[in-house]
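Q: Predicted model and sequence follow; I will ask about them next.
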Amino acid sequence: MKPFGIDSINESERKEVARRALNNLLTSYADEADIFTEIVQNAVDAIKMAADQKLFSSHPPELTIVIGRRATGHHYFFVKDNGTGMSKDVAHNLTVPGYSFGKKRGKTIGYKGVGASYFFAASQMASIQTVDIKDNKTAYTIKNSYNWIKNDEENEPTIEDHAQVPNFLKDLLPDSRGTAIYFQFHDGMKPKNLNNLVIIGDGPDRELQNWASFLTIKTALGISEPNDLLKDLKINLHLDHGDSQYFQTWKYGNFDLDERSLGYPYPHKVFKVGVDKSTLDNLEPQHRYRHIRKNQAVYYRWGAEEIIDLTQTLEENEKEVLRQYLKWAEGYLCYSVDVFKEINKRLGGRSNLLRYGMRIVCDNTPQGRIIDLSLTSSQGLDRQSHVILSFENLELDTGRKISADESIANAINKLGQRIIAILKEYRWAMKKKERPDPSSDLEAWRNSVDSRSQTSLVSDFYEKFSLYPVFKVDPDTEQEVIALFTSILSNSLLKGYQLLAISGFNRYDALIDITSDFTGSRELTDIISKRSDDYKIDGKGKVLEFKHNFDDLLFDFEEKTKNPSEIDLVVCWNVPNLNVSRGRIDPMYGKWKDHRIGYGISYMWYDENDTSTIPIISLKNLLSEILSKKESECGETGLGYSLLRQMETQDAAHLI
């Protein structure tokens, strides 16, 4: 009898065991960056191993990354390295659950450590072409793996003995030492495509820069300190839009967007407005005034022994494990959360790429997700702080990417608290958050309102329809949005909606009854009528949330003050940008009106993985559409028409 039942099951049972193992593998990955992390870090491992073997005597290390973001067809991610390459046996074993060639070669910086089978299992289609150090080439393509893993009634995956890639990539496949991985995104995995990860509407050069920021934060490109073995690594970053391609070259070592250099994006390197604590410590007393309330942040890096000695709350066993593994600790404290907003604006992610909290670095590579700072006496500063703890040879739990050692976990929390407590003592050198003057300038307010009324869609709209205007300006606050919406309802300009109550609940703004199948609700001559049955919005006592800009609601979600699954309708003045920080937005107005799922609905917001959906009435879009139709009937081209075209053009650019 074989131990553990090895060789005691038939071929059909083996396939079922493999299918279940791969399904468990897929469910262990939940972050939208996991596929990028796994592929890039395997490539960097291969280059590092080649550098260890001194294989770069004639050609420098090089990494090629292609973002395949298409208007039509499947999006893809492609990575090629000129590392060690793989033998035929190793290349074919990559599809085996849990197999890790890197681990056989010694310590690597791989992220999950569960084997390369993940990116074959998670794909719509995946290809590999590799050439080993003896110039032996291996290539194959796997199709239908995800569908079979998720449903045993699907056809089994097929394997072709060549790398099937788009035409643009064929010349990039390696013919000499190295490996290329092609990954085609599947609708069942996260992300489904590449449209919702970085800001994409500001042109290809900026989009490529945003992808560089995304990759340096999410993958092994975010090296925390320059590595001598990889100091000459060249990164070729391509963007493939299908009908056009774009290219940039980046360096590897220290993060600098201006210099196109990738490495860990320390906050003070992204937004260079901070001061090193040592500078303040070394000031002569008579020169201290130069820094009082002048800086937006303070940062400092401590050596392991230094920060251990400064953290008096550590137990002896905690000190012992820290001395064994900790290399250094760095803290950053800014005067306001607005600094982090500016940092993330520069990084160009759809969500906040660099967050407050603590980041663990192991063997020079950031690991896992941000850990919350459990501050006590410094409570309130947790959202203004970023702490990095660098460890060496520390084993992390594979799934959670934190230490399974309770002593380390407790010590990490204590270090974070102590670091922020130290930096808090230097707030004298940081700016104070500006607060409005309590003695408001009434004349300035009146002038501002008068200026806003000069070009007002609201004023134009009410005048064109011979209605008494609710006010003369376009909304600038949530209160004005509420006033405008109630006026629109009372003038029967928006049908099928009846407010039950405004306020009366400490979390949400209003309750509303919605009916979308009333007489005339589908009249095609009505420019804001319902056109689609893809989503049902009808119901009694629906939760309505008012906002000035839709982005304000996403901030509430981020702060966990509101739950997207509890909101049935949002009414706002405008949706300023489809590149939102969370989820995605589809337009349902103007040129997209045939997608409209309810009377007057302008957009639909979908949370990650479509876990929640919220219809949006944007009053700016709504009034522009109605006014544009009225202008057209009068043979005019006025403010309504121009604003509608402007919004359509802006939104269309972000849907590419």
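A: Noted; the coordinates are in hand. Residues are numbered from 1 along each chain as shown.
Q: Scan the helices and strands of the protein for the one with the lowest mean pLDDT.
A: Lowest on mean pLDDT, DSSP states H and E among the helices and strands of the chain sits helix 101-104, with a mean of 48.
Q: Give me the below-cutoff pLDDT ranges for the protein.
A: 1-11, 13, 22-23, 25-30, 96-116, 376-379, 397-404, 434-441, 504, 656 (pLDDT under 70).
Q: Which strand in it has the most residues?
A: strand 539-549 (DSSP state E).
Q: Tell me how many other residues crowd residue 500.
A: Residue 500 has 13 neighbouring residues, counting by other C-beta atoms under 10 Å. For the C-beta atoms, the positions are set from N, CA and C on the backbone; glycine is no exception.
Q: does the nearest residue to it once chain neighbours are set aside count as helix, strand or coil?
A: Distances taken as C-beta to C-beta, 6 or more residues apart in numbering place residue 511 nearest to residue 500, at 4.2 Å, with adjacent residues excluded. Three-state call for residue 511 (DSSP: H, G, I helix; E, B strand; the rest coil): strand.
Q: likewise residue 410?
A: helix.
Q: check contacts around it.
A: 315, 318 (C-beta atoms under 8 Å, 6 or more residues apart in numbering).
Q: how much space between it and residue 393?
A: 20 Å (C-beta to C-beta, to the nearest Å).
Q: so residue 596 makes contact with residue 527?
A: No - Residue 596 is beyond contact range of residue 527, at 9.9 Å (criterion: C-beta atoms under 8 Å).
Q: Comparing those two, which shows the higher neighbour count?
A: Taking other C-beta under 10 Å, residue 596 and residue 527 do not tie; residue 596 has more neighbours (24 against 19).
Q: Next up, the contacts around the more buried one.
A: 528-532, 588-589.
Q: from the residues you listed, which ones fall inside strands?
A: Per DSSP E, the contacts of residue 596 never map to strands.
Q: Grab the nearest non-local neighbour of residue 462.
A: That would be residue 469: by C-beta to C-beta, 6+ apart, it lies 3.9 Å from residue 462.
Q: residues near the one you found, how many?
A: Counted with other C-beta under 10 Å, residue 469 comes out at 17.
Q: One more: residue 351?
A: The burial count for residue 351: 18, using other C-beta under 10 Å.
Q: Where does the nearest residue to it once chain neighbours are set aside sit: helix, strand or coil?
A: Among residues not flanking residue 351 along the chain, residue 581 sits closest, at 4.8 Å (C-beta to C-beta, 6+ apart). Classification of residue 581 by three-state DSSP places it in coil.
Q: Repeat that for residue 265.
A: Strictly by three-state DSSP, residue 265 counts as coil.
Q: Ok, residue 368 next?
A: With three-state DSSP as the basis, residue 368 sits in strand.
Q: What helices and strands are in contact with the host helix or strand of residue 339?
A: Residue 339 belongs to helix 337-347 when assigned by DSSP states H and E. If contacts are counted by 3 or more C-beta pairs under 8 Å, 6 or more residues apart in numbering; DSSP states H and E, helix 337-347 sits against helix 204-218, helix 267-270.
Q: Quick one: residues in contact with the shortest one.
A: What it means is helix 267-270. By C-beta under 8 Å, 6+ apart, helix 267-270 touches 254-257, 274, 297, 299, 332, 334, 339-340, 343, 346-347, 354, 386.
Q: Which members of those residues are classed as buried?
A: 255-257, 274, 297, 299, 332, 334, 339-340, 343, 346-347, 354, 386 (16 or more other C-beta atoms under 10 Å).
Q: of those residues, closest to residue 619?
A: Nearest to residue 619 out of these is residue 340 (C-beta to C-beta; 30.3 Å).
Q: tell me the contacts of the closest one?
A: 267, 334, 352, 354-356, 383-384.
Q: Can you classify the residue nearest the centre of the chain as helix, strand or coil?
A: The structure's the chain has its C-alpha centroid closest to residue 351; by C-alpha atoms, centre = their mean the separation is 3.9 Å. Per three-state DSSP, the local secondary structure of residue 351 is coil.
Q: go on, the one 10 residues further on?
A: Classification of residue 361 into helix, strand or coil gives strand, according to three-state DSSP.
Q: That one: how many residues sit nearby?
A: Neighbour tally, residue 361, other C-beta under 10 Å: 23.
Q: so where do the strands sit in the stretch 301-450 of the chain?
A: For the stretch 301-450 of the chain, the strands defined by DSSP state E, counting those that start in this stretch occupy 326-334, 357-362, 365-371, 385-391.
Q: Quick one: these as CSV, columns for distance to residue 317 too.
A: Listed next are these as CSV, based on distance: least, C-beta to C-beta, whole Å:
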stretch, distance to residue 317
strand 326-334, 14
strand 357-362, 19
strand 365-371, 20
strand 385-391, 17
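Q: Figure out which of those is closest to residue 310.
A: The nearest among those, by C-beta to C-beta, is strand 326-334 at 9.8 Å.
Q: hang on, the earlier thing: drop anything exposed from the contacts of residue 596.
A: For the contacts of residue 596, buried by 16+ other C-beta under 10 Å: 528-531, 588-589.
Q: For residue 292, state which of those residues is nearest.
A: Comparing the buried ones among the contacts of residue 596 against residue 292 with C-beta to C-beta places residue 589 closest, at 51.5 Å.
Q: Tell me how far the closest one lies from residue 442.
A: Residue 589 sits 38 Å away from residue 442, going by C-beta to C-beta.
Q: circling back: how many neighbouring residues does the residue nearest to residue 351 have?
A: Residue 581: 16 neighbours (other C-beta under 10 Å).
Q: for residue 275, same thing?
A: Burial of residue 275 is recorded as 19 neighbouring residues (other C-beta under 10 Å).
Q: How about residue 349: which residues does it bridge to?
A: Going by DSSP bridges, residue 349 is paired in beta bridges with residue 198.
Q: hang on, it packs against residue 215?
A: No - between residue 349 and residue 215 there is no contact under C-beta under 8 Å: 10.9 Å.
Q: Neighbour count: the two, which is higher?
A: More crowded of residue 349 and residue 215, by other C-beta under 10 Å: residue 215, with 24 against 20.
Q: And for the more buried one, nearest residue in space, chain neighbours not counted?
A: residue 221 (5.0 Å).
Q: The one helix or strand residue 66 maps to - contacts with which helices or strands?
A: Secondary structure assigned from DSSP H and E places residue 66 in strand 62-68. With contacts defined as 3+ C-beta pairs under 8 Å, 6+ apart, strand 62-68 has these neighbours: helix 34-52, strand 76-81, helix 204-218, strand 234-240.
Q: and if we set it to 10 Å?
A: helix 34-52, strand 76-81, helix 167-170, strand 178-184, helix 204-218, strand 234-240, strand 245-252 (3 or more C-beta pairs under 10 Å, 6 or more residues apart in numbering; DSSP states H and E).
Q: Quick one: closest of those to residue 464.
A: helix 204-218 (38.6 Å).
Q: For the closest one, buried residues please.
A: Neighbour-count burial for helix 204-218, counted by 16+ other C-beta under 10 Å, picks out 204, 207-218.
Q: now swap in stretch 182-201 and tell me
A: Result for stretch 182-201 [16+ other C-beta under 10 Å]: buried residues 182-186, 189-201.
Q: got the end-to-end distance for that stretch?
A: 25 Å (C-alpha to C-alpha, to the nearest Å).
Q: likewise stretch 352-371?
A: Length of stretch 352-371, first residue to last, C-alpha to C-alpha: 15 Å.
Q: can you pull the buried residues of it?
A: 352-356, 358-362, 364-368, 370-371.
Q: same check, this time on stretch 590-608
A: Of the residues in stretch 590-608, 590, 592-593, 595-607 count as buried by neighbour count, 16+ other C-beta under 10 Å.
Q: Please compute how far it lies from its chain's middle.
A: In terms of C-alpha atoms, centre = their mean, to the nearest Å, the centre of stretch 590-608 is found 23 Å from the chain centre.
Q: This completes my enquiry, with thanks.
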